[in-house]
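Participant: What would the 3D arrangement of this be:
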Amino acid sequence: LTVEGFRREFEHLPERVYDEFRRLCEDTRRLRQLAEASKDYLQSDNQMLATDWVPSVADWLEFKIEEEFDSAVLFNINEDVAAKVNVYWLGTCIDNLLRNALKYGVAPVELDVSTSEEKIVFQFRDAGGLTAKDWANLKKPFVSKSGLGLG
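Facilitator: Residues are numbered from 1 along each chain as shown. Below is the predicted model of the structure:
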């Protein structure tokens with residue numbers, strides 16, 4: 001509701017805050033959508049999530065990356081496939097992992113997708129300095145490390 005009040009008075013806002021206000025509106029819309037989807041998921045009584053047919057996983061991911069990340073993410077896929085997925089939840093997971101990699105990782109950020117008849121594997125990678133020892137410790141319960149987007 002607070003954002004709606006600002007939106008009604010948009011023309012009276014200083015021009016220097018237009019971009020920040022646009023991001024606030026987009027974040028608010030995304031949070032509202034997430035809350036609604038979470039509510040639907042929690043009320044589903046262990047039913048399967050709704051899925052949609054995606055005729056080209058490569059096209060869907062390329063569009064998502066271009067729209068959300070302006071070429072900041074390198075995308076590779078071994079072979080395009082059609083798949084039946086929950087576009088909202090899978091898209092939210094991919095979006096969150098890429099945003100964390102861009103925010104806390106070291107460029108370049110890459111999304112590598114491997115497809116087969118049985119599964120699709122998503123690998124997210126950046127050039128950060130996480131050592132094998134750090135990774136072993138992070139896999140333990142209740143351990144987090146500052147600046148990794150994990151915790």
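Participant: Contact partners for Ala37?
Facilitator: Residues in contact with Ala37 (C-beta atoms under 8 Å, 6 or more residues apart in numbering) are 88-89, 92. (Glycine included, C-beta is placed from N, CA and C.)
Participant: helix/strand/coil for it?
Facilitator: helix (DSSP: H, G, I helix; E, B strand; the rest coil).
Participant: how close does it sit to Gly91?
Facilitator: Computed as C-beta to C-beta, to the nearest Å, the Ala37 to Gly91 distance reads 11 Å.
Participant: For Val81, state which of the contacts of Ala37 is nearest.
Facilitator: Trp89 (18.6 Å; C-beta to C-beta).
Participant: on that earlier part again, next step: the contacts of Ala37 restricted to helices.
Facilitator: Residues of these located in helices (DSSP state H): 88-89, 92.
Participant: Quick check: mean pLDDT of stretch 98-113?
Facilitator: Average pLDDT, stretch 98-113: 92.
Participant: Mind listing what's buried along it?
Facilitator: 98, 100-102, 105, 109-111, 113 (16 or more other C-beta atoms under 10 Å).
Participant: hmm, who's touching it?
Facilitator: Against stretch 98-113 from outside (C-beta under 8 Å, 6+ apart): 57-58, 61, 65, 68-69, 72-78, 94, 120-129, 147-149.
Participant: and if we set it to 7 Å?
Facilitator: Contacts of stretch 98-113 with the rest of the structure, by C-beta atoms under 7 Å, 6 or more residues apart in numbering, involve 61, 69, 72-77, 120, 122-128, 147-149.
Participant: Neighbour count, distance to Pro14 and pLDDT added to the ones in helices among the contacts of Ala37, as TSV?
Facilitator: Compiled in TSV, the ones in helices among the contacts of Ala37 are given as follows (neighbours: other C-beta atoms under 10 Å; distance: C-beta to C-beta, whole Å; pLDDT from 0 to 100):
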residue	neighbour count	distance to Pro14	pLDDT
Tyr88	17	35	86
Trp89	16	38	86
Thr92	16	33	88
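Participant: which one of the residues you listed sits closest to Glu15?
Facilitator: Thr92 (32.4 Å).
Participant: ok, now which ones touch that closest one?
Facilitator: Leu34.
Participant: before we move on, the earlier item: just give me the closest of the buried residues of stretch 98-113 to Glu15.
Facilitator: Leu102 (27.2 Å).
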